[in-house]
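Trainee: I would like to see how this sequence folds:
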Amino acid sequence: DTFDEEVGPALAENNAKASRIIDALKAAGIADADVGTTGFNVSAQRDYRQEGPDNIVGFQVSNTVTVTMRDIDAVGDVLQAALDAGANNVHNFSMSVDDADELRQEARVKAIEDAQERAEVMADAAGVTLGAAISISESSVGVPTPTRVTLDIARAESGVPIEPGELELTVTVQVVFAID
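Mentor: Next up, the predicted model:
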C-alpha cells in the first residue's frame, strides 16, 4: 500500500514498489507463471471530521500480488525478499497440495481397507462370515485442509520463519458386504 495527498504520486510510488516486489520474487526463483496480480485498488481517503463535501486528504493505492510457491524450504526467504523489496501487507498465506489426486487415491484404498477390517470385527462378533463387498460408494471427497493465517510482518534480519504443519485429506466411503 502507498499513500499520498495526490493520486499521481501515490500511484507512481505504488507502481515502483510493485515492480520491485515482483522483480525480487522472480530473482528469488519464482517462475513468471507463479506470480500474478490479483487485485489493484485506488481509493480516496477522507477525513470525516472536516466539514464540506471535499474532505479528501489523500489517496491510498494497493496492488495485490499472488505467488505460488513450489519449494516449501524457500518460502521464508521469498517472503523476506518481498518484504525487503517493499511489501507491507501479507494476507491469506495458505499452504495446500498442488495435485491431491494421488493422495485421494491412497485415502480411498485406506478407507476401503478400514471398512473391511471393521466389518470383519463386527461379523466375527455376530458369528457370521464376511462375504464380498456388494456395494461401495464415496459420500464425500475431501480436499487437503490448508492452514490459513493472516500475517502482518515486520522486516527481520533473516528469512521469515515458516512451519508447514500438516494438511489433512479425508475420504469417506460406505461399503456394504454380503454375510454368509
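
Trainee: helices and strands around the longest helix along the chain, which ones?
Mentor: For the chain, the longest helix by residue count, based on DSSP state H, is helix 101-126. Packed against helix 101-126, as judged by 3 or more CB pairs under 8 Å, 6 or more residues apart in numbering; DSSP states H and E, are the following elements: strand 130-141, strand 171-179. Heads up, the C-betas are built off the backbone N, CA and C, glycines and all.

Trainee: point out the most buried one among those.
Mentor: When you average the neighbours per residue for each of the helices and strands packed on helix 101-126 (mean count of other CB atoms under 10 Å), strand 171-179 leads with a mean of 14.

Trainee: so what does it touch, helix or strand wise?
Mentor: On a contact count with 3+ CB pairs under 8 Å, 6+ apart, strand 171-179 meets helix 101-126, strand 130-141.

Trainee: neighbouring strands of that strand in the sheet, and parallel or not?
Mentor: Strand 171-179 has these partner strands in its sheet, going by DSSP bridges: strand 130-141 (antiparallel).

Trainee: quick one: distance of the strand it pairs with to the chain centre.
Mentor: The offset between the C-alpha centroid of strand 130-141 and the centroid of the whole chain comes to 33 Å, using CA atoms, centre = their mean, to the nearest Å.

Trainee: specify the angle between it and helix 101-126 in degrees.
Mentor: Orientation note: strand 130-141 sits at an angle of 140 degrees relative to helix 101-126 (axes from the mean of the first three to the mean of the last three CA atoms, to 10 degrees).

Trainee: what about strand 130-141, average pLDDT?
Mentor: Taken as a whole, strand 130-141 has a mean pLDDT of 85.

Trainee: with only the CA atoms kept, save it in PDB.
Mentor: Once non-C-alpha atoms are left out, strand 130-141 reads as follows in PDB (Å, rounded to 0.1, in the frame of the first residue of the first chain):
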ATOM      1  CA  LEU A 130     -18.000 -61.700   5.900                       C
ATOM      2  CA  GLY A 131     -18.600 -62.100   2.200                       C
ATOM      3  CA  ALA A 132     -17.600 -59.900  -0.700                       C
ATOM      4  CA  ALA A 133     -18.300 -56.200  -1.000                       C
ATOM      5  CA  ILE A 134     -21.600 -55.800  -2.900                       C
ATOM      6  CA  SER A 135     -21.800 -52.000  -2.900                       C
ATOM      7  CA  ILE A 136     -19.200 -49.300  -2.500                       C
ATOM      8  CA  SER A 137     -19.900 -45.600  -2.500                       C
ATOM      9  CA  GLU A 138     -18.000 -42.500  -1.700                       C
ATOM     10  CA  SER A 139     -20.100 -40.000   0.100                       C
ATOM     11  CA  SER A 140     -17.600 -37.200   0.200                       C
ATOM     12  CA  VAL A 141     -14.200 -36.400  -1.200                       C
END
